[in-house]
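> sequence first, predicted model second:
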Amino acid sequence: MKRLLVLLLALLTLAVFTACSETLTPVSTTTAGQTEPPEETVKDVLSFLNKDEIYFDVHLSDGIFDKTSIKVGDQTLTSSGKAKYTGSEEIVFEGKSDLDKEIYLVIISVKAGEKAMSDYSVTEASDFPEMISKRIPIHKTNKEKILVIVTDTKDGYDHSFDSSLSDIIKAVLAD
């Protein structure tokens with residue numbers, strides 16, 4: 001009888017532990033034994049572009065260049081707009097200037113699933129056509145989408161961009 005009571009008590013204890021336990025999912029650990037944070041989802045800040053597209057956001061004051069257009073391969077943009085860009089097309093800024101006015105160039109590039117990369121340059125208007133034709137191809141390597149902002153003022157960009165993209169642009173131009 002005593003053995004039966006001990007066996008019944010052991011089964012009851014086992015039932016209580018089973019009912020009170022919870023299922024835990026395994027957590028991946030690093031080699032140092034520390035837990036890794038969960039993967040964060042990266043927002044595509046250039047979601048308005050498709051793969052292998054480039055968007056030029058051009059805001060230049062009148063009179064800085066004799067004309068303002070950008071050739072991407074065979075396509076010519078005379079104002080802000082997008083074009084197909086696989087990296088093999090030549091980028092040419094068609095405009096000349098003798099002014100010492102500063103031109104700001106912001107390049108933001110993205111590959112799916114990765115955070116946006118940004119680059120910021122300032123040059124004189126007279127040097128800008130040569131600089132833009134050299135800088136953009138560098139940013140196409142391993143990137144799927146590119147935004148290029150060309151402006152002569154630090155707030156001269158399209159302020160209707162998504163707030164995440166606008167935050168990146170503001171941070172880059174604040175430097």
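Received the coordinates, thanks.
> can you show me the strands along the chain?
Secondary structure of the chain by DSSP state E: the strands cover 53-59, 70-72, 75-77, 81-84, 91-93, 102-110, 117-124, 145-151.
> tell me the angle the first one makes with strand 145-151.
What it means is strand 53-59. Orientation note: strand 53-59 sits at an angle of 10 degrees relative to strand 145-151 (axes from the mean of the first three to the mean of the last three C-alpha atoms, to 10 degrees).
> give the pairing partners of strand 53-59; include direction for each.
strand 81-84 (antiparallel), strand 145-151 (parallel) (DSSP bridges).
> got these as CSV, with mean pLDDT, distance to Ser166 and mean neighbour count columns?
C-betas here are computed from N, CA, C, even on glycine. Shown next, in CSV, are the strands paired with strand 53-59 (pLDDT from 0 to 100; distance: least, C-beta to C-beta, whole Å; neighbours: other C-beta atoms under 10 Å):
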stretch, mean pLDDT, distance to Ser166, mean neighbour count
strand 81-84, 95, 18, 16
strand 145-151, 95, 11, 24
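> among those strands, which is nearest Ala116?
Minimum separation from Ala116 across the strands paired with strand 53-59 (C-beta to C-beta) falls at strand 145-151, 8.7 Å.
> give me the helix or strand of this protein that scores worst on average pLDDT.
Least confident helix or strand of the chain, by mean pLDDT, DSSP states H and E, is helix 2-20 with a mean of 58.
> any idea which of the strands of the chain is most buried?
strand 145-151 (a mean of 24; mean count of other C-beta atoms under 10 Å).
> residues making contact with it?
44, 46, 49-60, 85, 103-110, 128, 132, 136, 139-140, 157, 165, 169 (C-beta atoms under 8 Å, 6 or more residues apart in numbering).
> centroid-nearest residue for this protein?
By C-alpha atoms, centre = their mean, the chain has its centre lying nearest to Ala116, at 2.0 Å.
> circling back to that earlier point, out of the strands of the chain, which gets nearest to Arg3?
Taking these one by one with C-beta to C-beta, strand 102-110 is closest: 71.1 Å.
> between strand 117-124 and the closest one, find me the angle.
Going by the same axes, to 10 degrees, strand 102-110 makes 160 degrees with strand 117-124.
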